[in-house]
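Enquirer: Build me a model from this:
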Amino acid sequence: MGRRFRFTALSALAALVAVTALHAQSPAAGDWPTYNRTLTGERFSPLTQITPANVARLREVCSFDTGEQVSFQAGPVVIDAVMFVTTDTTTYAIDAGTCALKWKRQHPHGPTGLRVNRGAAYDNGRVFRGAGAGHVMALDAASGNTVWDVELSPTHAGISVPMAPIASNRVVFVGNAGGDIFGITGHVWALDEKDGHTLWRFDTVPESGPARDTWRNAAGVPPTGGAMWTTFALDAARGVLFVPAGNPAPDFVPDARPGDNLYTNSVIALDAKSGKVVDYLQVVKHDYHDWDVSAGPVVITTRGGRQVIASANKDGLLSAIGRSPKMTLLFQTPTTTRENVEAPLSAAAPVRFCPGTQGGSEWNGPAYSPAANLLFVGATDWCSSVQVVRADGVGGRAGAFWSGATQGFGTLDPLDRRQGWLSAIEADGGTVAWKYRSALPMLAGVTPTANGLVFTGELTGDAIALDAKTGKALWRQPIGSAIGGGVVTYLAGGKQRVAMVAGFSSNVWRLPASANKVVVFGLPD
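Expert: Down below sits the predicted model:
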């Protein structure tokens with residue numbers, strides 16, 4: 001697994017064929033039409049106006065203040081120099097060159113518990129987003145008017161839809177969050193773009209069949225988990241949807257849910273037309289650390305010709321999964337501190353482990369540069385200590401979090417012991433090319449460009465650009481607000497711009513409240 005893949009003429013031909021197929025799915029160079037730019041999730045931008053030679057000259061062009069103070073984690077979408085960005089309750093359309101507001105639309109479903117929404121999708125003149133407790137909406141991109149608003153089924157107390165949908169071929173793909181809440185399981189819906197009606201639904205915890213037989217829970221302990229809260233990836237050419245499914249619950253007490261608990265903590269390949277399982281790989285088995293397979297995967301063909309699904313998750317590992325002939329694990333590379341990962345948790349005393357419940361990769365997954373053949377992964381380095389209840393005393397009630405810990409989700413290490421990492425990992429063999437350390441967790445989107453730059457942001461409030469080959473910081477701009485949302489680059493008025501979503505108000509991440517804003521950077525005229 002660790003050997004470098006030999007680049008032969010045959011592998012080169014395979015790579016060319018695969019890259020050509022994926023290129024057919026590529027958006028216009030100056031747009032950013034979905035959470036990770038491409039349906040396959042690379043986050044790579046072909047724009048070249050900003051280079052390693054001139055990036056130090058980047059300056060703030062404009063900013064847009066939403067007037068809100070929530071946990072601003074959204075990934076912006078940009079189409080023809082119009083940016084669409086979401087908060088928990090509101091969708092904004094702004095001029096991506098001047099930051100002037102075009103329209104805003106507040107949905108009628110109220111805030112969710114965590115007050116977070118991670119973005120929208122665009123297709124055929126419409127903007128699609130999740131809202132409130134189990135709703136998905138389509139808005140007219142020109143006016144912001146609601147085209148349709150549907151309530152997903154089933155809906156239970158605690159379900160929400162914070163993930164950024166993806167939309168393709170007149171279908172919207174979306175899933176629900178809430179997998180840490182008693183009795184809630186994950187579902188994937190394919191909705192008709194025209195009116196929102198359900199074309200098919202896939203249950204990550206099926207009601208019957210071989211996967212359901214992997215749950216051997218006692219009476220009164222309902223199968224729980226497998227929810228989704230970031231985004232998906234889609235290989236439109238082959239018609240395969242890749243779904244990251246979250247942890248089983250109660251999170252820390254596997255003895256209350258014996259078995260493999262399928263399809264939780266898996267990357268699931270679904271037929272995009274029918275919703276049937278094509279294949280799957282359970283990345284985290286018998287989880288008892290709340291290590292969701294959380295972030296959207298990236299579907300790539302490496303320089304060596306390997307067809308790979310790259311998945312970076314809360315376990316602090318980048319997992320490279322081969323696609324053909326069957327999904328298999330190729331390699332795993334640590335992206336953060338991993339300690340005490342096999343020690344059993346105890347009802348007698350807290351047990352410390354790393355990464356903790358807020359560790360590893362969260363809502364932003366890997367980015368891939370085909371030019372460098374590197375995967376870039378941001379991660380949190382923050383450990384937890386958890387003491388559990390006995391399996392026969394897990395209890396639980398509808399609508400309530402169900403971790404199995406004696407206190408919430410345990411105790412995180414002191415704030416001064418947390419940090420973050422951005423790792424550059426060779427895509428064919430998993431070798432670490434370089435690591436960049438941040439004083440705080442790395443949560444923001446990561447965007448590599450064709451000119452060898454990597455843009456991202458830090459919770460310290462710094463926007464940064466790194467050299468893709470070395471990790472050297474080439475540009476740094478403090479903006480005064482924590483950056484934990486999307487980082488995108490696009491064209492506006494023919495000029496390359498870089499936008500970052502900033503501002504947090506979150507008890508989970510323990511950051512000072514600050515205004516939610518989008519800050520846009522560009523080269524001086």
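
Enquirer: Distance check, the residue nearest to residue 438 when sequence neighbours are not counted against residue 184.
Expert: Leaving out its chain neighbours, the residue that sits closest to residue 438 by C-beta to C-beta, 6 or more residues apart in numbering is residue 420, at 4.0 Å. All C-beta atoms are positioned from the backbone trio N, CA, C, and that covers glycine. For residue 420, the distance to residue 184 equals 30 Å [C-beta to C-beta, to the nearest Å].

Enquirer: neighbour-wise, which of the two wins?
Expert: residue 184 (29 against 22; other C-beta atoms under 10 Å).

Enquirer: isn't the more buried one right up against residue 175?
Expert: No. Assessed by C-beta atoms under 8 Å, residue 184 is found out of contact with residue 175, at 11.9 Å.

Enquirer: Residues that sit against both of the two, list them.
Expert: By C-beta atoms under 8 Å, 6 or more residues apart in numbering, residue 184 and residue 175 have these common neighbours: residue 227.

Enquirer: pLDDT score for residue 6?
Expert: Here the pLDDT value assigned to residue 6 is 34.

Enquirer: for residue 229, that is, sorry about that
Expert: Listed pLDDT for residue 229 reads 95.

Enquirer: ok, and the closest non-adjacent residue to it?
Expert: Closest to residue 229 by C-beta to C-beta, 6+ apart is residue 177, at 4.0 Å.

Enquirer: OK, contacts around the one you found?
Expert: Residue 177 sits next to 159-163, 227-229, 246 when contact means C-beta under 8 Å, 6+ apart.

Enquirer: Please indicate which of the residues you listed has the highest neighbour count?
Expert: residue 246 leads the contacts of residue 177 on contacts (other C-beta under 10 Å) with 31 neighbours.

Enquirer: What is the burial count for the nearest residue to it once chain neighbours are set aside?
Expert: For residue 246, ignoring the flanking residues on the chain, the nearest one in space by C-beta to C-beta, 6+ apart is residue 292 at 3.9 Å. Under the neighbour criterion other C-beta under 10 Å, residue 292 is assigned a count of 32.

Enquirer: wouldn't residue 292 be in contact with residue 247 here?
Expert: Yes. Counting by C-beta under 8 Å, residue 247 is a contact partner of residue 292 at 4.7 Å.

Enquirer: Could you name every residue contacting both of these two?
Expert: Common contacts of residue 292 and residue 247 (C-beta under 8 Å, 6+ apart): 179, 265, 284.

Enquirer: Show me what the longest strand along the chain is packed up against.
Expert: In the chain, assigned by DSSP state E, the strand with the most residues is strand 483-492. Judged by 3 or more C-beta pairs under 8 Å, 6 or more residues apart in numbering; DSSP states H and E, the packing partners of strand 483-492 are strand 447-448, strand 453-457, strand 495-502.

Enquirer: would a markdown table of those with mean pLDDT be doable?
Expert: Output for the helices and strands packed on strand 483-492, formatted as a markdown table (pLDDT from 0 to 100):
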| stretch | mean pLDDT |
| --- | --- |
| strand 447-448 | 98 |
| strand 453-457 | 98 |
| strand 495-502 | 98 |
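
Enquirer: who wins for proximity to residue 336 among the ones you listed?
Expert: strand 453-457 (15.5 Å; C-beta to C-beta).

Enquirer: For that closest one, give me every contacting residue.
Expert: Residues contacting strand 453-457 (C-beta under 8 Å, 6+ apart): 50-52, 55, 367, 369, 376, 378, 422, 424, 442, 444-449, 463-468, 474, 483-484, 487, 489, 498, 500, 502.

Enquirer: For ChimeraX, write the select line for the buried members of those residues.
Expert: Buried members of the contacts of strand 453-457, defined by 16 or more other C-beta atoms under 10 Å, are picked up in ChimeraX with:
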select :50,52,55,367,369,376,378,422,424,442,444,445,446,447,448,449,463,464,465,466,467,468,474,483,484,487,489,498,500,502
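
Enquirer: Low-confidence bits of the stretch 301-450 of the chain, can you list those?
Expert: Within the stretch 301-450 of the chain, no stretch has pLDDT under 70.
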